[in-house]
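K.L.:
Sequence first, then the predicted structure:
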Amino acid sequence: MTMNPMTFDLFADAEPEQQPRREQIGEQSCVLRGFALPWLDRLLPALEAVLAAAPLRQMVTPGGFTMSVALSSCGTWGWTTDRSGYRYTRDDPQTGLPWPSMPEVFFQLAQAAARDAGFTDFEPDSCLINRYVPGAKMSLHQDKDEKSYAEPIVSVSLGLPAMFLFGGFARGDKSQRVPLLHGDIVVWGGVDRLRYHGVLPIKDGQHSILGEQRINFTFRRSH
Ligand code: MD3
Ligand code: FE
């Protein structure tokens with residue numbers, strides 16, 4: 001059937017077709033594709049300020065292995081590990097000073113993403129900053145150092161892409177692979193909060209803004 005040339009296109013000024021921006025990856029977990037992109041202008045300067053006060057450093061696990069990922073933190077509590085265990089501390093063990101306070105833009109972004117995923121009033125007291133260079137990885141683990149598992153976790157991916165492993169409740173359960181790209185945010189909560197997860201070794205590459213690295217923010221309510 002040919003269109004009458006005089007027919008008005010009722011959809012001429014509608015939004016252009018776009019891929020779904022929210023992908024469910026678990027019962028109460030989803031990826032918000034590109035959610036952080038509009039925040040980058042404010043996020044990156046704030047990140048620089050935090051890292052100037054609390055530099056990225058590699059830490060040692062209780063088992064004596066040096067992590068391939070370099071870490072820092074901001075907020076009231078910062079996650080650390082050394083030979084004596086995993087824990088949250090108020091002070092940066094390297095500087096002896098309190099962890100830098102959480103920049104307003106970090107807090108607002110984490111809260112906005114949590115709300116978009118259906119978790120209202122998320123108030124993180126800790127933001128772990130993970131820096132991966134090519135080859136760096138994070139083995140399958142659970143996040144169990146927080147006082148309560150009732151609050152969600154919000155993770156922001158920047159820079160080089162990563163293949164995220166999302167497992168089950170036992171280490172041996174089959175994992176699904178979720179590619180995470182610059183600007184993506186993942187929100188995990190409820191029944192998915194204690195699922196095993198990890199990151200495959202980062203592949204070589206150059207990101208146009210962040211260069212040869214992936215930066216991940218993990219927002220948690222630790223206390
Ligand atoms: C899934 N970081 O720091 S994002 C971590 O990309 C960590 O740097 C990864 O796992 C990274 O502990 C993954 C965060 C994440 C955090 C908690 C989860 C994913 C999760 C809890 C349950 C399921
Ligand atoms: Fe984790």
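P.N.:
Arrived safely. Ligands and ions are numbered 1, 2, ... in the order given.
K.L.:
can you tell me which residues contact the closest residue to F106 other than its chain neighbours?
P.N.:
Distances taken as C-beta to C-beta, 6 or more residues apart in numbering put C127 closest to F106, at 5.6 Å, once the chain neighbours are dropped. (Each C-beta comes from the backbone N, C-alpha and C, glycine too.) Taking C-beta atoms under 8 Å, 6 or more residues apart in numbering, we find C127 in contact with S73, C74, G75, M102, F106, A110, F217, T218, F219, R220.
K.L.:
just curious, which of those is nearest to G205?
P.N.:
Checking the contacts of C127 against G205 by C-beta to C-beta gives F217 as the nearest, at 20.0 Å.
K.L.:
Direction included, what does the helix or strand hosting that closest one pair against?
P.N.:
Assigned by DSSP states H and E, F217 belongs to strand 214-220. If you go by DSSP bridges, strand 214-220 pairs up with strand 126-132 (antiparallel), strand 153-159 (antiparallel).
K.L.:
and P38, which of these is closest to it?
P.N.:
When these are compared by C-beta to C-beta, strand 153-159 sits nearest P38, at 12.6 Å.
K.L.:
Tell me the helix or strand right after that closest one.
P.N.:
Toward the C-terminus, strand 153-159 is succeeded by strand 162-166 as the next helix or strand (DSSP H and E).
K.L.:
give me phi/psi at the closest residue to L43 other than its chain neighbours?
P.N.:
Excluding the flanking residues, the one nearest L43 by C-beta to C-beta, 6+ apart is V105, at 5.8 Å. With angles defined as degrees, to the nearest 10, V105 sits at phi -70, psi -30.
K.L.:
Need the pLDDT of V105.
P.N.:
V105 carries a pLDDT score of 98 in this model.
K.L.:
center of this structure, which residue is that?
P.N.:
Nearest to the mean C-alpha position of the chain, counting by C-alpha atoms, centre = their mean, stands S155 at 1.9 Å.
K.L.:
Can you list the buried residues in stretch 139-154?
P.N.:
Using 16 or more other C-beta atoms under 10 Å as the burial criterion, the residues of stretch 139-154 that qualify are L140, D143, D145, E146, E151, P152, I153, V154.
K.L.:
Who are the contact partners of the nearest residue to the first one once chain neighbours are set aside?
P.N.:
Counting by C-beta to C-beta, 6+ apart, the nearest residue to L140 once its immediate chain neighbours are dropped is G198, at 4.2 Å. Taking C-beta under 8 Å, 6+ apart as the criterion, G198 is in contact with K137, M138, S139, L140, H141, F164, L165, G167, S175.
K.L.:
try it again with 6 Å
P.N.:
By C-beta atoms under 6 Å, 6 or more residues apart in numbering, the contact list for G198 reads M138, S139, L140, L165.
K.L.:
hmm, the strand or helix carrying Y88 touching ligand 1?
P.N.:
Assigned by DSSP H and E, Y88 belongs to strand 85-89. No. Judged by C-beta under 6 Å from any ligand atom, strand 85-89 makes no contact with ligand 1; its nearest approach is 9.9 Å.
K.L.:
now swap in stretch 107-121 and tell me
P.N.:
No. Stretch 107-121 stays clear of ligand 1 (C-beta under 6 Å from any ligand atom), getting no nearer than 12.1 Å.
K.L.:
go on, stretch 122-141?
P.N.:
Yes. Using C-beta under 6 Å from any ligand atom, stretch 122-141 comes into contact with ligand 1 via L128, N130, M138.
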